[in-house]
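Coordinates only, no sequence provided:
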């Protein structure tokens, strides 16, 4: 499904995906009787969604991750190191040198960067268990368009903007 429009559904995409999710659940639980021409017999075919592919902006709509603002780094999550640029009204991500190997010359090069040496270690990559734990911490957002600009709900942990409908498939 491609949605190329300034009126893209964003969080409301889950409403459009609900019939697909229901069908995937049914095909996983009950399967469908299928004929195998090679063995000349019937079998029950079950279906599973293994992954989805999105561009960076699509991460906001499908899995519900924030891709802008202070939680734009999906690796750093809550440990995102940023600086607000008041004249540009933007966030600047300044601490990504900590992903370099510990003996890399740039870690000690304060002059070429922000005037500081980098001594932090890279943040721990989120495991499946970490993601599920964060997912359980918040309630679903309210779907539907609003004329008022919504501020980010402070109750959502890390980079999450909504509970993805795809999590229904993991139950």
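Cool, got the structure. This one's a predicted model, so the numbers in the text were calculated from it and none came from an experiment.

Low-confidence bits of this protein, can you list those?
1-11, 140-158, 171 (pLDDT under 70).

so where's the longest helix in it?
helix 13-29 (DSSP state H).

Please name every helix or strand in contact with the helix or strand just after that one.
Downstream of helix 13-29, the first helix or strand assigned by DSSP states H and E is strand 32-36. When contacts are defined as 3 or more CB pairs under 8 Å, 6 or more residues apart in numbering; DSSP states H and E, strand 32-36 sits against strand 41-45. In this view, the C-beta of every residue, glycine as well, is placed from N, C-alpha and C.

just the angle between the strand it packs on and strand 32-36, please?
140 degrees (axes from the mean of the first three to the mean of the last three CA atoms, to 10 degrees).

following strand 41-45, which helix or strand comes up?
helix 58-61.

circling back: quick one: buried residues of the longest helix of the chain?
13, 14, 17, 21, 24, 27 (16 or more other CB atoms under 10 Å).

Now do the contacts for the nearest residue to residue 80 once chain neighbours are set aside.
Among residues not flanking residue 80 along the chain, residue 73 sits closest, at 4.7 Å (CB to CB, 6 or more residues apart in numbering). When contacts are counted by CB atoms under 8 Å, 6 or more residues apart in numbering, residue 73 is found next to 80, 93, 96, 159.

chain center to the longest helix of the chain: distance?
19 Å (CA atoms, centre = their mean, to the nearest Å).

neighbours around residue 63, how many?
20 (other CB atoms under 10 Å).
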